[in-house]
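# sequence and predicted structure are below.
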Amino acid sequence: MTPVLQETDSLNSLEQRIQQAIQLVSRLRAEKDSALEQAAQARAESARLAEDILALQEERKEVRQRIEKLLGQIDELGAS
C-alpha cells in the first residue's frame, strides 16, 4: 500500500470514529435531557403525593374527632 493510500485510510478511519463519537455524544445528551425531565416529573409527583397525604391525615383527624364526639353523646344517653 502506498503512503498516500495509507494516509487516506487513516483519515477515513479517523473520520468514522469522530462521526461515531458525535453520534454517541448526541444520543447521551438526549438521554440526559430525558432523564432530567423524568426526574422533574417524579419530584412534582412526589410533592403532590405529599400534599395528598397531609390532606388525608387532616381529614382522618377530623373524622376521629367527629366519631369521638358521637361516642361521647352516646355515652351521655346511656348515663341518663
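Structure's in. What do you need?
# do you know how far the residue nearest the centre of the chain is from A35?
Nearest to the geometric centre of the chain sits A42, at 2.6 Å (CA atoms, centre = their mean). To A35, A42 is 10 Å away according to CB to CB, to the nearest Å. Backbone N, C-alpha and C define where each C-beta goes, glycine included.
# what do those two both touch?
Contact criterion CB atoms under 8 Å, 6 or more residues apart in numbering; no residue bridges A42 and A35 by contacting each.
# list the contacts for the residue nearest to the centre of the chain?
Taking CB under 8 Å, 6+ apart as the definition, A42 has no contacts.
# helix or strand: which one has it?
helix 3-79 (DSSP states H and E).
# which regions of the protein sit below the pLDDT cut-off?
1, 3-5, 80 (pLDDT under 70).
# mind redoing it with 90?
The model of the chain has pLDDT under 90 over residues 1-9, 77-80.
# and Q38, how many neighbours does it have?
10 (other CB atoms under 10 Å).
# in contact with it, which residues?
By CB under 8 Å, 6+ apart, the contact list for Q38 is empty.
# for it, give its distance to K32.
With distances taken as CB to CB, Q38 is found 11 Å from K32.
# next one: A21
A21 sits 16 Å away from K32, going by CB to CB.
# how about stretch 67-76, which residues are buried there?
By neighbour count with 16 or more other CB atoms under 10 Å, stretch 67-76 contains no buried residues.
# contacts for that stretch, please.
With CB under 8 Å, 6+ apart as the test, stretch 67-76 has no contacts from any other residue.
# then that stretch to CSV, C-alphas only?
Backbone C-alpha positions of stretch 67-76 (Å, rounded to 0.1, in the frame of the first residue of the first chain) are rendered in CSV as follows:
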residue,chain,number,x,y,z
ILE,A,67,-66.6,9.9,65.9
GLU,A,68,-65.3,10.7,69.5
LYS,A,69,-68.0,13.4,69.8
LEU,A,70,-70.7,11.0,68.7
LEU,A,71,-69.4,8.3,71.1
GLY,A,72,-69.5,10.9,73.8
GLN,A,73,-73.1,11.7,73.0
ILE,A,74,-74.0,8.0,73.0
ASP,A,75,-72.3,7.7,76.4
GLU,A,76,-74.4,10.6,77.7
